[in-house]
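Chemist: Take this sequence and fold it.
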Amino acid sequence: MHGAASDRIANEITWRWSIRQDLSVARHLREGEEVDGVYGISAATIVDRLFCWLEALGLWERLGAMKGEGVKRQVIAYSRYIVLYFVRCLARLGSQNALPTHLFSDMALMDRLGFNAQMLQEGITHRGAWRRQGPRKNLPLDPEAMSKNIVKLSLPEVRELVRWVLKQIWANLPVMPKKLLGAIDGTFVEVGKSAKGAGRASRQSKVRTKEGVKESIDTVFGFKMVWLWETSVGLPLSVAFGTAEEDEKKFVAGLLQDAREVLGEQGRLGTVVVDRGFLSGPGLWALKEAGIRFIIPAKHDMRVYTDARRIAEQSVSGWRLHVASRERPAMGRARRKGMQTQGMEVVGVEGLRSFETYAPAEQVEAGEHRHRHRKDFRTNSLNAVVLMREDGREKADLVLLTNGPVDHPFTVFDDYDERSLIENQGHRELKQRWCLESPVQRNAKAAEIHVLFVVMAYAVTQGYRLWEEAQIRQEEGGEASTLGEYVRKLEKENFDKLIVFVGETYGIYYAGEFAMLLGVRLKKPNPRGASNLEELMKRLEGTGGT
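Modeler: Below you'll find the predicted structure:
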């Protein structure tokens with residue numbers, strides 16, 4: 001092989017103790033002796049673009065530095081378990097038992113991760129071979145061994161790893177959004193009531209029957225993931241984990257703190273949209289104090305909800321109201337009902353003071369809001385956007401509370417509408433495609449490690465997509481792209497090459513050169529390689545065999 005790029009992939013595709021010996025392997029082939037495996041290097045570049053991007057971020061180095069708690073003797077480097085588990089999450093495999101079929105059998109990918117042909121065919125160790133009857137399964141290692149080693153990771157270290165990865169991804173975004181809008185939401189991670197440390201919670205759901213839509217209450221056993229997700233780029237900013245019954249509001253402060261650390265000087269989170277489950281006066285006041293604009297729907301039994309609707313519907317004098325209406329292409333229910341356009345009307349109401357607990361936590365905890373009937377009691381004001389009409393909606397009963405301006409009420413309404421993305425593109429994606437509820441063991445630690453790895457793999461994939469889209473735009477605009485050019489150069493140099501393993505040595509040749517070593521005569525050999533067998537052997541002997 002010629003060139004630094006080719007040498008790099010050859011070094012990365014094998015174990016550190018595997019030795020490249022082109023001349024020795026060539027002589028082996030000429031003599032017609034058996035080899036351990038032959039693979040196309042072009043196959044190794046299928047994931048190489050992503051892996052190069054991860055290497056540029058420093059993720060491989062970070063994973064390699066992690067240590068397991070209580071690990072004394074290692075048959076293989078402990079980091080290999082971590083890398084394999086991370087790739088399992090990247091590949092969206094729902095079970096450790098799927099590793100032999102879907103991961104270990106992918107020779108090119110396993111080579112890329114550092115497992116040579118001998119390890120893939122014989123395993124990493126022969127321990128217990130005398131007890132085995134029949135051929136060995138689950139090569140190169142047993143999935144159970146990986147599971148037992150993964151749960152030895154330190155949870156604080158894994159949490160810090162995820163924060164670090166998110167920080168690197170955000171720091172390397174091609175374009176930072178001008179307006180950062182975050183959605184906070186939680187989802188159950190159901191692993192069954194037999195899981196150690198699992199919590200229990202009730203979940204209300206709607207079921208469609210012959211008689212119509214009915215509500216049912218289910219019991220959920222397991223855990224809860226709560227995360228802060230930026231809607232414009234589809235990237236998480238922070239993630240938290242707890243048992244199923246834990247109140248989601250308790251995670252908000254930690255999520256915001258982690259998000260600030262992840263963003264650093266790159267940007268500032270300006271708006272947060274949340275659902276009714278996060279409705280807390282002191283919590284919303286804390287967002288205001290942090291300089292964050294919040295948007296949250298009011299509950300129907302709140303005084304502020306009743307007041308906002310009454311003022312908007314009756315156009316009560318003395319209040320600053322902002323009325324707006326519009327027509328837009330039908331969406332959701334309206335489109336399913338055959339509507340082409342969807343009319344909407346909203347009203348912004350300023351200065352509402354009937355949310356008594358919207359105050360600092362120390363005041364609420366001291367019970368000061370209980371004196372709201374006194375003449376000298378003064379509550380804090382906030383604004384609302386009242387949905388008056390929406391074609392296709394049976395009942396317009398939405399009131400959005402915000403500390404931001406409402407003079408353009410559709411801005412508030414549309415920003416809150418972005419919250420649906422965290423459910424449709426976030427939770428649903430993680431559960432249905434990323435196997436969020438499939439930890440390696442049924443206990444709290446294994447479940448949290450799995451959730452963190454899945455979120456990390458999801459963020460890496462989305463970050464890489466954004467990077468690749470930027471590469472395409474740069475190329476179309478005639479701009480240079482160092483990493484993109486490097487990967488394409490690597491692919492171009494290696495598309496016609498084969499890697500041949502013999503024991504713990506390997507050789508790399510053009511496909512035509514490989515045919516020559518097997519005794520095949522070629523009329524039109526690859527012009528980049530040797531034109532005949534004699535020239536090939538002379539070149540290998542002259543370069544010392546590599």
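Chemist: end to end, how far does stretch 398-410 reach?
Modeler: End-to-end span of stretch 398-410 (C-alpha to C-alpha, to the nearest Å): 13 Å.
Chemist: so for that stretch, what's the average pLDDT?
Modeler: Mean pLDDT, stretch 398-410: 94.
Chemist: Report the distance from that stretch to the chain centre.
Modeler: How far stretch 398-410 lies from its chain's middle: 31 Å, per C-alpha atoms, centre = their mean, to the nearest Å.
Chemist: ok, and what's touching it?
Modeler: Outside stretch 398-410, the residues that touch it by C-beta atoms under 8 Å, 6 or more residues apart in numbering are 271, 284, 287-288, 293-298, 304-305, 308-309, 322, 324, 326, 344, 346-350, 352, 355, 382-387, 412-413, 416. From N, CA and C alone the C-beta is placed, and that goes for glycine too.
Chemist: hmm, try it at 6 Å
Modeler: For stretch 398-410, contacts defined as C-beta atoms under 6 Å, 6 or more residues apart in numbering pick out 288, 293-298, 305, 308, 322, 324, 346, 348, 382-387, 412, 416.
Chemist: Return the per-residue confidence for Gly392.
Modeler: Predicted confidence (pLDDT) for Gly392: 73.
Chemist: That one belongs to a strand?
Modeler: No. With DSSP: H, G, I helix; E, B strand; the rest coil as the criterion, Gly392 is coil rather than part of a strand.
Chemist: Now it: phi and psi?
Modeler: For Gly392, the backbone dihedrals are phi 100, psi -20 (criterion: degrees, to the nearest 10).
Chemist: Could you give the number of residues near it?
Modeler: As a burial measure, Gly392 scores 17 neighbours (other C-beta atoms under 10 Å).
Chemist: average pLDDT for the helix or strand that contains His450?
Modeler: Applying DSSP states H and E as the criterion places His450 in helix 444-476. With pLDDT averaged residue by residue, helix 444-476 scores 85.
Chemist: quick check: domain ranges of this protein?
Modeler: With domains defined by automatic domain parsing, the chain comprises 1-34+499-546, 35-156+442-490, 282-417.
Chemist: between those domains, which one is nearest to Gly212?
Modeler: Smallest distance to Gly212 across the domains of the chain (C-beta to C-beta): 12.7 Å, for domain 282-417.
Chemist: Tell me which residue lies nearest the centroid of the protein.
Modeler: Tyr458 (1.7 Å; C-alpha atoms, centre = their mean).
Chemist: Report how many residues lie close to the residue nearest to Ser315 when sequence neighbours are not counted.
Modeler: Distance criterion C-beta to C-beta, 6 or more residues apart in numbering; nearest residue to Ser315, sequence neighbours excluded, is Leu321 at 6.6 Å. With neighbours defined by other C-beta under 10 Å, the count for Leu321 comes to 16.
Chemist: Break down the stretch 301-450 of the chain into its strands, ranges please.
Modeler: 321-329, 341-352, 382-390, 399-402 (DSSP state E, counting those that start in this stretch).
Chemist: looking at the ones you listed, which is buried most?
Modeler: Compared across the strands of the stretch 301-450 of the chain, strand 399-402 shows the largest average neighbour count, a mean of 24 (mean count of other C-beta atoms under 10 Å).
Chemist: The stretch 251-400 of the chain: helices as residue ranges?
Modeler: Under the criterion DSSP state H, counting those that start in this stretch, the stretch 251-400 of the chain contains helices at 252-263, 281-289, 303-314, 332-336, 361-365.
Chemist: would JSON lines of those helices with mean pLDDT be doable?
Modeler: What follows is the helices of the stretch 251-400 of the chain, written out as JSON lines (pLDDT from 0 to 100):
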{"stretch": "helix 252-263", "mean pLDDT": "93"}
{"stretch": "helix 281-289", "mean pLDDT": "89"}
{"stretch": "helix 303-314", "mean pLDDT": "93"}
{"stretch": "helix 332-336", "mean pLDDT": "69"}
{"stretch": "helix 361-365", "mean pLDDT": "76"}
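Chemist: Adding mean neighbour count, write these out as JSON lines.
Modeler: Listed next are the helices of the stretch 251-400 of the chain as JSON lines, based on neighbours: other C-beta atoms under 10 Å:
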{"stretch": "helix 252-263", "mean neighbour count": "19"}
{"stretch": "helix 281-289", "mean neighbour count": "19"}
{"stretch": "helix 303-314", "mean neighbour count": "18"}
{"stretch": "helix 332-336", "mean neighbour count": "14"}
{"stretch": "helix 361-365", "mean neighbour count": "13"}
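Chemist: circling back: which residues does the residue nearest to the centre of the chain contact?
Modeler: By C-beta under 6 Å, 6+ apart, the contact list for Tyr458 reads Trp434.
Chemist: Check Trp170 too.
Modeler: Each residue near Trp170 by C-beta under 6 Å, 6+ apart is listed here: 262, 266.
Chemist: 8 Å - rerun?
Modeler: Applying C-beta under 8 Å, 6+ apart, the residues near Trp170 are 176, 235, 237, 262-264, 266-267.
Chemist: before we move on, the earlier item: the strands of the stretch 301-450 of the chain: which one's closest to His450?
Modeler: Of all those, strand 399-402 sits nearest to His450, with 35.1 Å by C-beta to C-beta.
Chemist: coming back round to it: buried residues, the helix holding His450. List them.
Modeler: Neighbour counts over helix 444-476 (16 or more other C-beta atoms under 10 Å) mark 444-460, 462-464, 466-467, 470-471 as buried.
Chemist: Centre of the chain to that helix, how far?
Modeler: Offset of helix 444-476 from its chain centre (C-alpha atoms, centre = their mean): 5 Å.
Chemist: again with stretch 280-298
Modeler: Offset of stretch 280-298 from its chain centre (C-alpha atoms, centre = their mean): 27 Å.
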